[in-house]
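Enquirer: Requesting a structural model of the entry that follows:
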Amino acid sequence: MTAHDRRDLAAARRIVVKVGSSSISGENAGQIGPLVEALAHAHARGCEIVLVSSGAIATGMPFLSLDERPTDLATQQAAAAVGQNVLIYRYQAALREFHIVAGQVLLTAGDLENHTHRSNAQRAMERLLGLRILPIVNENDTVATHEIRFGDNDRLAALVAQLIRADALVLLSDVPALYTAPPGTPGASPIDTVAYGASLDEFEFGSVKVNGVGTGGAATKASAARLAAASGTGVLVTRADLVADALAGAGIGTWFAPNPAPTTPVPVHASVD
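Expert: Numbers count the residues shown, from 1 in each chain. Down below sits the predicted model:
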């Protein structure tokens, strides 16, 4: 059932949840527990949950004795290789008490552009969900290059929602909703609902106006939300610690209404030689 309103999240069949590095790494590593608990409650009612989680590089940095995010690609890849392992371990440790098994899915932009790779990814995720496994998706930073990266995991989450035809997408942030201007700016107010097709030109997120290819922070979330909504997936943007309320259908965050007549996706073959 496509979520036409945020209240529909409480009964949605399939939901993609995206969480950023800052919410689950460093000083906030302890927030994995509450996040997992919220996902587990939705899972227990029969919802199929896919978690798109950033944080591999940030999680790996302390193990490489790095005080700040590396700028060279090779060190980023090394940090990701170490951090992804630790990150999945932390998620699985938190999921264990709920008797849920995680399945790791690492993707590059090329995987979703190549028909064969896209078909394989879709088939694997459908099977994981059918087995009641909780897929945890991240960009494959160990092999991705600057030229072929998604750019941000908000966009990755929107593409995953398209891939598995999710009923809803929840983008978790560090603010309770998107605002008409940066929070704290005089006159800035939270945006409750964005109707499908509505222009966002009047809003400014940081220094970037949303034009469909936002770069950074709230702009990428708005751009990703519009991408998913165009495919018929309703999107909620809210703060990470409000995820339990979000999945319960509470009246929080910024809701992007889905396209009421989305174009039928191109079928992906069930088997590939």
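Enquirer: Just the pLDDT for residue 180.
Expert: At residue 180, the model reports a pLDDT of 92.
Enquirer: Burial check on residue 61, number of neighbours?
Expert: Neighbourhood size, residue 61 [other Cβ atoms under 10 Å]: 21. (C-beta placed from N, C-alpha, C; glycine too.)
Enquirer: Surely it touches residue 80?
Expert: No: counting by Cβ atoms under 8 Å, residue 61 stays clear of residue 80, with 10.0 Å between them.
Enquirer: other SSEs contacting whichever strand or helix holds residue 86?
Expert: Assessed by DSSP states H and E, residue 86 sits inside helix 73-95. Using 3 or more Cβ pairs under 8 Å, 6 or more residues apart in numbering; DSSP states H and E, the elements in contact with helix 73-95 are helix 32-44, strand 48-53, helix 56-60, strand 102-107, strand 134-139.
Enquirer: Now do the third one, average pLDDT.
Expert: Meaning helix 56-60. Mean predicted confidence for helix 56-60 is 93.
Enquirer: where in the protein is pLDDT low?
Expert: Low-confidence segments of the chain, defined by pLDDT under 70: 1, 145-151, 206-216, 264-273.
Enquirer: need the strands for it, in chain order.
Expert: In the chain, the strands defined using DSSP state E lie at 14-19, 48-53, 102-107, 134-139, 168-173, 193-194, 204-205, 208-209, 234-239, 254-256.
Enquirer: residues contacting the residue lying closest to residue 88 once chain neighbours are set aside?
Expert: Once flanking residues are discounted, residue 88 sits nearest to residue 104: 5.3 Å by Cβ to Cβ, 6 or more residues apart in numbering. For residue 104, the contact set (Cβ atoms under 8 Å, 6 or more residues apart in numbering) comprises 84, 88, 135, 136, 138.
Enquirer: My guess is residue 255 contacts residue 8. True?
Expert: No: if you go by Cβ under 8 Å, residue 255 and residue 8 don't touch, sitting 10.1 Å apart.
Enquirer: Compare the two and say which one has the larger neighbour count.
Expert: Taking neighbours as other Cβ under 10 Å, residue 255 and residue 8 compare with residue 255 leading, 27 against 15.
Enquirer: Quickly list what the more buried one is bridged to.
Expert: With DSSP bridges as the criterion, residue 255 is bridged to residue 193, residue 236.
Enquirer: what's it in contact with, if anything?
Expert: 5, 6, 192, 193, 194, 234, 235, 236.
Enquirer: cool, residue 63 as well?
Expert: By Cβ under 8 Å, 6+ apart, the neighbours of residue 63 are 82, 83, 86.
Enquirer: Excluding covalently adjacent residues, which one is nearest to the first one?
Expert: Translated: residue 82. residue 60 (3.9 Å).
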